[in-house]
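Peer 1: predicted model follows, preceded by the sequence.
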Amino acid sequence: MPESRGAGLRVEGAVKRFGEVVALDGVSVDVRPGEFLTLLGPSGSGKTTMLNAIAGFADLSEGEIYLDGAPVAPIPTHKRNVGVIFQSYALFPHMTATANVAYPLKQRGLSREERDRRVAEALHLVGLGDIGHRYPRELSGGQQQRVAFARAIVFNPRLLLMDEPLGALDRKLRESLQREIKTIHRDLGITFVYVTHDQSEALALSDRIAVFRQGRIEQIGTPEELYERPANRFVAEFMGESNILAGEGCCYVIRPQAIRLGEAGLGNERRGRVADVSYLGASRRVAIEAGGVSYLVRQDAASTPAPAIDEEVTFGWRNEDVLVVPDGPAAEPEDAAAASGNPSGTPRSSPQTVLMFNNPTDEE
Amino acid sequence: MLTAMSAFSSRLRFDRWGLLVLPLVAFLALFFIFPTLTVLLRSVTDFNPPESGGLDNYTWFFDSSTNLVVLRRTLVSAFAVTAICLLVAYPYAYLLTTVGARTRALLLGVVVVAGFTSFMVRNYAWLVILQDNGPLNDAIAALGLSRVEFIGTDLGVAIVFTQILLPLMVLPLYATMRGIDRRLLMAGASLGARPLKRFLSVYLPLSLPGIAAGCLLVFVLTLGFYVTPALIGSPTNALYSQLMQIQVGQLLAWGHVGAMAVVLIGVTLALLAICAGVARRWRVPEQEGGTLGLYRPEGGWRLSPGRAALWALCGLTVLLLVGPMLVVFPQSFAGEASIAFPPESWSTQWYENFFSDPIWTDSLWRSLGVGLVSTALATALGCMAALALVRGSFPGKPLVGALLVTPMILPLVVFAVGVYAVFLDWQLVGSFEGFVLAHTALAVPLVVVIVGAGLRSFDTRLEDAAASLGAGRAKAMATVTLPVLLPSIATAALFAFLTSFDEVLASVFISSPTASTLPVEMYRTVQRGADPTIAAAASLILVATVVLMLGAWRLRRVTHA
């Protein structure tokens, strides 16, 4: 592996208080040079506060942040050489796209020729051609996003911070920009710290994800680790739809796609009534009422027949598909809505039903 | 007041931004609060005859039937002017919320330009229009009716007051109406309320805050303007502020004028309390830049009789707002030395006269110089204070906010008399510095309001962005904050300049026979008699004002497209 051009970032025991409110409550994290780390969590969980502290927009109440081993606290923002992409882009409205991208180079006293060359390079890298003479208000949301990106990387920062940079864009644009961000990350080789409340975005982009809740990190690990071995119930619920079954001192997590309809001999079997069916294109989501609780099932739409509402069905799951996690506070419904990339909070069928006294392994 | 006190105790220290409010507070304390308090205090310290004491000045005031008659007449005419303004402005403001963006910009532009057209120019124009052989009476005669006496009557004064103060009624009404959710009216309709019922039970109550604000402004200003009744009205029907001017200007009876000021402020405060009560009772969720009230059906309105009447009414209002100004142009090219309109022959002699008479040119240069210096001073003080108010914390923040609106709710004649009193002591009467200080005190609240609004809508993330890109705090302010706010600052400076250039109430007092400003010179000339040189001066002012306003409008359009 070639030596990374990115900076190593270490956060030790970060605490941030705003009066009575504790926004960060002892956060520690180590980011490797060149890594793509995502801070994932519901709004108000402290992830943006963390980002602001790294950038230098706010000071920590306690704790220390190190960039390549050196504490950053004494260094003012404008000398940290850290790129930031803001949720609202924060493009300077009185400057053209080119002038926006040239701004950091001007602050660093580069010659005009050098500036022009690097601005053109950066605009090219983010896939913007000849729109440099336009003002931000004359650009589409996606173009503004790209200008913000170019402006944040043109001065070769060793660390790039991104605060929900795709939040204001529509779904299709978001997905294509996700791919581009990943490509640029690979090409530049610098360290990325990315803030989002969208778990699918986090899964798609990150080398590692830190799940934030109430100013603390609940778990940090690769996307696979978080999805397959969540450390607790909150992480399990936040990382995607799940059925949670309560046990003694722990709970059992079954992903909706692990539940099979109409199959026998899986090890765990239930009979229930179909309460709701939603067609999602490639897949289908089925809510089933069984014994007073509802299960959420996701099945392949093409290869399985759709059940009818009120139909009596048999369903089940294999023991190896059950995750056992320590019990803990559940994610708030709005957190889960945010995590599914659905900030408007449209109610889903309720997957978080807790089945009391129901240990799936007992049934064997 | 209670919230002000609790906020006062919870914020007892200045932060870095908060310190920026100090220069303005010091300035206003010295040149606004101190002069005002000086006058009020003289009601119990200054006696005429000197050997009397105690509450003699108040005894004098309430014992004189003239004073009480004038006070009653003044209150009645202020109520009348306020009511007429409201009746004329309400349909106009409503029409503004129901037209397309272009028409709205045009109709609003008429109001703003009229509102900021020189006060003296408008008074002079009305003098021409309302005279016995003037164009209005000619029109009345042409209709076969008998001529009406306007000059020297309360009717004439009321008409001129209405035209001068109308913009101050339209703007707050419009600001409130554009935030009234039109869907509420549709809801009213769906619930079975007929149009008139819908208006009375839904729209009118929701527009009350605007009505209260507009009425308060108009009423208080009517109380404080002595120029209009002095020029248009008759000495036998004098109004309160004229009486105050006479007590000071001719009799130097400071104790009397102090008592009169206290009574006037008492009346104003009582009204303020009523208006504040109304505003609190009907607190409409305030929406910064809310536009839920703007409504125009797809494809425009059908021209119903009601709609046609509304347009006709508003057409007349536009005529009332801009019409008077138009008479000064032909008047300025008159061939004969009278204010007969239209002139019978033409010449450019009044322009030649204006530029060759040192009294006129002196006052013009003085006005320009005073305008520029007080604009610079007001803009600097106002921008700093706006930064402190929007970003900083400091003890007594709500009190400073209140202090800044005081110049708008204090009858101006009180400030004018006060400034005269202290400037006499400080030997600033007739001096350049004196004009600058008084004008700055009057202009600075506008600057704070306009720049403050700009700062509030400024996205502070832009400064964070500049810092992350390598700009230090000062550099970020210079390269990002200042340029983004420049349109607001330029607008504020323009209004500050117009305020100074147009100021006449205080300037009349602090002028000396040899040193006056252009509006004061116009005031003196009109009082002396008919000299069409004033029409030339008025035309020049009018052209300059419109050019400046158009420039400001273009600037805003370019930067906020």
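Peer 2: Here it is on my side, so go on.
Peer 1: and chain B, which residues reach chain A?
Peer 2: B:459, B:461-462, B:464-472, B:475-476, B:479-480, B:483-484, B:486, B:559, B:561 (CB under 8 Å from any CB of the partner chain). Any C-beta I mention is one placed from the backbone N, CA and C, and that applies to glycine too.
Peer 1: buried among the residues you listed? Need that as a selection in PyMOL.
Peer 2: Of the residues of chain B next to chain A, the buried ones go into a single PyMOL selection, burial set by 16 or more other CB atoms under 10 Å in any protein chain shown:
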select buried, chain B and resi 461+462+464+465+466+467+468+469+470+471+476+479+480+484+559
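Peer 1: keep only those of the residues of chain B next to chain A that are in helices.
Peer 2: Using DSSP state H, the members of the residues of chain B next to chain A that fall in helices are B:461-462, B:464-468, B:475-476, B:483-484, B:486, B:559.
Peer 1: contact residues of the stretch 151-300 of chain A facing chain B?
Peer 2: Remark: the part of the stretch 151-300 of chain A in contact with chain B comprises A:R151, A:A152, A:F155, using CB under 8 Å from any CB.
Peer 1: okay, now the second one: neighbour count?
Peer 2: The one in question is A:A152. When neighbours are defined as other CB atoms under 10 Å in any protein chain shown, A:A152 has 26 of them.
Peer 1: ok, it touching A:G83?
Peer 2: Yes. Checked against CB atoms under 8 Å, the pair A:A152 and A:G83 is within contact range at 3.6 Å.
Peer 1: give me the common contacts of these two.
Peer 2: Between them, A:A152 and A:G83 share the neighbouring residues A:L160, B:S468, with contact defined by CB atoms under 8 Å, 6 or more residues apart in numbering or on different chains.
Peer 1: B:G454 contacts B:I489, doesn't it?
Peer 2: Yes. With contacts counted by CB under 8 Å, B:G454 reaches B:I489, the gap being 7.4 Å.
Peer 1: list just the nearest of the ones in helices among the residues of chain B next to chain A to B:E344.
Peer 2: Sorting these by how near they are to B:E344, with CB to CB, puts B:T559 at the top with 48.4 Å.
Peer 1: just the residues of the stretch 151-300 of chain A next to chain B: which are in helices?
Peer 2: In helices, defined here by DSSP H, the members of these are A:R151, A:A152.
Peer 1: for B:A337, state which of the residues of the stretch 151-300 of chain A next to chain B is nearest.
Peer 2: For these, the residue nearest B:A337 by CB to CB is A:R151; the value is 67.5 Å.
Peer 1: report how many residues lie close to the closest one.
Peer 2: Summarising burial for A:R151: neighbours were counted as other CB under 10 Å, giving 32.
Peer 1: nearest spatial neighbour of it, skipping sequence neighbours?
Peer 2: The spatially closest residue to A:R151, leaving aside those adjacent along the chain, is A:V101, at 4.8 Å (CB to CB, 6 or more residues apart in numbering or on different chains).
Peer 1: that neighbour: neighbouring residues, count only.
Peer 2: Neighbour count of A:V101, defined by other CB under 10 Å: 31.
Peer 1: secondary structure element for it?
Peer 2: In this structure, A:V101 is located in helix A:97-107 according to DSSP states H and E.
Peer 1: state the mean pLDDT of that helix.
Peer 2: Helix A:97-107 shows an average pLDDT of 95 in the prediction.
Peer 1: could you do stretch B:459-471 as well?
Peer 2: In this model, stretch B:459-471 has an average pLDDT of 94.
Peer 1: give me the contacts around that stretch.
Peer 2: Contacting residues not belonging to stretch B:459-471 are listed as A:55-57, A:76-84, A:86, A:88, A:90-93, A:103-104, A:107-108, A:151-152, A:155, B:473, B:475-477, B:479-481, B:484 [CB under 8 Å, 6+ apart].
Peer 1: and the buried ones among those residues, selectable in ChimeraX?
Peer 2: In ChimeraX, this line selects whichever of those come out buried by 16+ other CB under 10 Å:
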select /A:55,56,57,77,78,80,81,82,83,84,86,88,90,91,92,93,103,104,107,151,152,155 /B:476,477,479,480,481,484
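Peer 1: and A:A23, backbone torsions?
Peer 2: Geometry field for A:A23 lists phi and psi as phi -90, psi -30, criterion degrees, to the nearest 10.
Peer 1: all the strands of the stretch 1-150 of chain A, residue numbers only.
Peer 2: Under the criterion DSSP state E, counting those that start in this stretch, the stretch 1-150 of chain A contains strands at A:9-18, A:21-31, A:36-40, A:62-67, A:70-71, A:82-85.
Peer 1: in chain B, what secondary structure element scores lowest on mean pLDDT?
Peer 2: Of all regular secondary-structure elements in chain B, judged by mean pLDDT, DSSP states H and E, the least confident is helix B:2-10 with a mean of 44.
Peer 1: the spatially closest residue to A:G249 that is not a sequence neighbour: what's it in contact with?
Peer 2: Counting by CB to CB, 6+ apart, A:G249 lies nearest to A:D327, which is 6.1 Å off, once chain neighbours are set aside. Contacts here follow CB under 8 Å, 6+ apart; on that basis A:D327 touches A:N232, A:R233, A:A246, A:G247, A:G249, A:C250, A:C251.
Peer 1: for B:R473, see how far away the residue nearest to A:R151 is.
Peer 2: Shown here: A:V101 relative to B:R473, a distance of 22 Å by CB to CB, to the nearest Å.
Peer 1: phi, psi for A:V235 please.
Peer 2: Taking degrees, to the nearest 10, you get phi -60, psi -40 for the backbone angles of A:V235.
Peer 1: per-residue confidence at it?
Peer 2: Residue-level pLDDT assigned to A:V235 equals 91.
Peer 1: same check on A:V297?
Peer 2: 92.
Peer 1: and B:G210, which of the three is it?
Peer 2: At B:G210 the chain is in helix, as set by DSSP: H, G, I helix; E, B strand; the rest coil.
Peer 1: so what's the residue in the stretch 251-400 of chain B that chain A sits nearest to up against?
Peer 2: Distance from chain A to each residue of the stretch 251-400 of chain B (CB to the nearest CB) is smallest for B:S393, at 13.2 Å. Residues near B:S393 by CB under 8 Å, 6+ apart: B:R11, B:R13, B:F14, B:D15, B:W17, B:G18.
Peer 1: which residues touch the residue nearest to A:R151?
Peer 2: A:V101 is in contact with A:V119, A:A122, A:L123, A:G132, A:V147, A:A150, A:R151, A:V154, counting by CB under 8 Å, 6+ apart.
Peer 1: before we move on, what about B:A385?
Peer 2: Going by CB under 8 Å, 6+ apart, B:A385 touches B:L20, B:V21, B:P23, B:L24, B:V25, B:V400, B:L404, B:V444, B:V448.
Peer 1: which of these fall in strands?
Peer 2: Of the contacts of B:A385, none are assigned to strands by DSSP state E.
Peer 1: mark which of those residues are buried, thanks.
Peer 2: Buried residues within the contacts of B:A385, counting neighbours by 16+ other CB under 10 Å: B:L20, B:V21, B:L24, B:V25, B:V400, B:L404, B:V444, B:V448.
Peer 1: thank you kindly, that will do.
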